[in-house]
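sequence first, predicted model second:
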Amino acid sequence: NIFAKILRGEIPSIKVYEDDATLAFMDIMPQVEGHVLVIPKAQATTMYDLPADAASACIKTVQHVGQAVQKAMQIDGSTVFQHNGAAAGQTVPHFHFHILPGSLLALKGHATEMGDPAELQKIADKIIACL
Ligand code: 5GP
């Protein structure tokens, strides 16, 4: 799947944070400016087959990166969510948390437009500066 390819470095991504167990990068089709994904390096499809140590590492990265997203996007709140299985709306079968600045309830469904890579990089740089 596409996130496994990103982890193997076979396709590019706009990274904001990486450690031994996790990677955080810009969503290519952002639902709002500052939409970031956090994935484990361990293989897992959903929350239900995610090893506990990988889950813990993901939460730690969400805490670190989520606060930077809020600072960078100058908003005092964010939404963290994830989908388990296609029936729930999961389109990439590698576990991932979404971090969205602001409220998910204000949005309708999936984004449909690709982000401009130069704009995504600018936002990534802002987030990185807040880490
Ligand atoms: P899901 O619906 O599975 O929870 O979310 C998958 C997310 O991955 C979507 O928001 C989609 O825009 C994003 N995505 C899909 N393919 C790629 C890709 O190749 N690169 C990046 N950075 N994001 C992707």
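Perfect, thanks for sending it.

going by C-alpha atoms from here, please, whenever you check contacts or count neighbours.
Noted.

low-confidence regions, the protein specifically.
The chain contains no residues with pLDDT under 70.

so who does the most centrally placed residue in it touch?
Centroid check for the chain by CA atoms, centre = their mean gives L37 as the closest residue, at 0.6 Å. Applying CA atoms under 8 Å, 6 or more residues apart in numbering to L37 gives the contacts 24-27, 96-99.

which parts of this protein are helices?
Counting by DSSP state H, the chain has helices at residues 2-7, 52-72, 117-129.

any idea how far the residue of the chain most remote from its centre lies from the ligand?
The centre of the chain is farthest from one residue, A87, which by CA atoms, centre = their mean lies 20.0 Å away. Distance, A87 to the ligand, by CA to the nearest ligand atom, to the nearest Å: 10 Å.

begin at 53, not 1, for the rest of this chat.
New numbering, starting at 53: the last item is A139.

the contacts of L89, buried ones only, as a ChimeraX selection?
Selection of buried members from the contacts of L89 for ChimeraX, criterion 16 or more other CA atoms under 10 Å:
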select :76,77,78,79,148,149,150,151
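
OK, contacts around the closest residue to the residue nearest to the centre of the chain other than its chain neighbours?
Nearest residue to L89 in three dimensions, chain neighbours excluded: H150, at 4.8 Å (CA to CA, 6 or more residues apart in numbering). Contact analysis of H150 by CA under 8 Å, 6+ apart lists 87-90, 131-134.
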